[in-house]
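**Q** sequence and computational prediction follow.
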Amino acid sequence: MSRILVTGAAGLLGRFVVRELRAHGYDVRGFDRRAGDAGIEWIVADVTDPVAVKRAMQGIDAVLHIAAVPNIWSGDGATIMHVNTQGTWLVFDAAEAEGIQRVVFCSSDSVAGYTVREGRMMPPRYAPLDLAHPLNATDPYALSKVAGEDIARAYALRGMSVPALRTVFVAYPEMAGEIVARAKDPLNYHAPVAGGPSTAGGGPLHHHIDARDLARAFRLALELPMQPGEFERFYLSASVTLSPEPTVERLRRLHGDAVEIRDPAHYRRNPFAPLYDLTHAATRLGFVPEFDQRHLLAGLPGFEN
């Protein structure tokens, strides 16, 4: 049985990942600032503590690195850059020292630069947005994920195999009230207003992914056949957005003709398809989303159909 270290294992996403791994027969060690509810071995420490991170790697076969300040509202810029960048470097460096060959890095779609207005976001050049699109990060969280990917790639060049998962906003069960509140009054929504742990995210197009799908993507990335030295990136999202407007219509309203629609037929087949091209995730990773949360919005203004 493979033994997997999950950093951030007690967090909103980590608990789903731990559950997914255990359901598929993996032995899991959790690393977080507090112990979670899962009946696994826990190391309670901060990801910026090099001694604790080194200790956590002992006897481990692979690492899923999820621990991070999760968005720009959860810490100031200095804290985000320190935890997310320094913590990521410590994880990769300790994993390499222990001879661990597979580290899966939790990245973000924010690296493309189109997530939060507070970060002076950049409109996409084209849709669907694929891996060839330039990275236009402008806020501390997005910058930390660009730096994290650079760290991940550097350690791949040194011999690891590293998948980086660029996930959109994760629609945890605790976020349902925030998602509904935003849909009811999008112009005046200021979160959290419905007891959620943070604001309903997903950028101007209201992207989201179900936590169960994302947890499965982490397991698939763990199991992905890769050669030493390989670094791969994957955009991950639900198959539809949570926007009341179809994707192309919303892009046109927000940005006029500035965004080139490279595959109009794709958006005719699925008018609410995400900005991101999920083809690579489907063909290489074997990831096709099974869930979405549009059912939460059924019957609200703009969501009658």
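**A** Yes, it's here.
**Q** tally of neighbours for Asp46?
**A** Other residues lying near Asp46 total 14 when counted by other C-beta atoms under 10 Å. Every residue, glycine included, has its C-beta placed from N, CA and C.
**Q** not counting sequence-adjacent ones, nearest residue to it?
**A** For Asp46, ignoring the flanking residues on the chain, the nearest one in space by C-beta to C-beta, 6 or more residues apart in numbering is Arg33 at 5.7 Å.
**Q** Asp292 too?
**A** Sequence neighbours aside, Ala238 is the residue nearest to Asp292 in space, at 4.1 Å (criterion: C-beta to C-beta, 6+ apart).
**Q** where does the stretch 201-305 of the chain have low pLDDT?
**A** 305 (pLDDT under 70).
**Q** which residue ranges of it form strands?
**A** For the stretch 201-305 of the chain, the strands defined by DSSP state E, counting those that start in this stretch occupy 209-210, 231-236, 260-261.
**Q** my guess is the residue nearest to Asp292 contacts Arg212. True?
**A** No - using C-beta atoms under 8 Å, Ala238 and Arg212 do not qualify as a contacting pair, with a distance of 10.9 Å.
**Q** helices and strands around the longest helix anywhere in the chain, which ones?
**A** When the chain is parsed with DSSP state H, its longest helix is helix 140-157. Judged by 3 or more C-beta pairs under 8 Å, 6 or more residues apart in numbering; DSSP states H and E, helix 140-157 is in contact with helix 77-81, helix 87-97, strand 102-108, strand 162-167, strand 231-236.
**Q** what touches both of Ala238 and Arg212?
**A** Common neighbours of Ala238 and Arg212, counting by C-beta atoms under 8 Å, 6 or more residues apart in numbering, are Phe291.
**Q** sec struct for Pro186, please.
**A** Classification of Pro186 by DSSP: H, G, I helix; E, B strand; the rest coil places it in coil.
**Q** when you give positions from now on, start the count at 54
**A** With 54 as the first residue, the last one maps to Pro239.
**Q** contacts only, for it.
**A** Pro239 touches Pro297, counting by C-beta under 8 Å, 6+ apart.
**Q** report pLDDT for it.
**A** pLDDT recorded at Pro239 is 90.
**Q** can you tell me how far it sits from Ile262?
**A** If you measure Pro239 against Ile262 using C-beta to C-beta, to the nearest Å, the figure is 20 Å.
**Q** helices along the stretch 204-353 of the chain, start to end?
**A** Taking DSSP state H, counting those that start in this stretch as the criterion, the stretch 204-353 of the chain contains helices spanning 229-237, 264-276, 300-308, 317-322, 332-333.
**Q** bridging residues for Phe287?
**A** Counting by DSSP bridges, Phe287 forms beta bridges with Leu218.
**Q** can you get me a residue count around it?
**A** Neighbourhood size, Phe287 [other C-beta under 10 Å]: 23.
**Q** please apply the same query to Leu277.
**A** 18.
**Q** check which element follows the helix or strand hosting Leu58 along the chain.
**A** In this structure, Leu58 sits in strand 56-60 according to DSSP states H and E. Using DSSP H and E, the next helix or strand after strand 56-60 towards the C-terminus is helix 67-76.
**Q** so that next one versus strand 155-161, what angle?
**A** Here helix 67-76 runs at 150 degrees with respect to strand 155-161, directions being taken by axes from the mean of the first three to the mean of the last three C-alpha atoms, to 10 degrees.
**Q** quick one: contacts of helix 67-76?
**A** Taking contacts as C-beta under 8 Å, 6+ apart, the residues outside helix 67-76 that touch it are 57, 59-62, 81, 83, 85, 89-91, 93, 117, 119-120, 264-265, 267-269, 271-272, 275.
**Q** many thanks, we can stop here.
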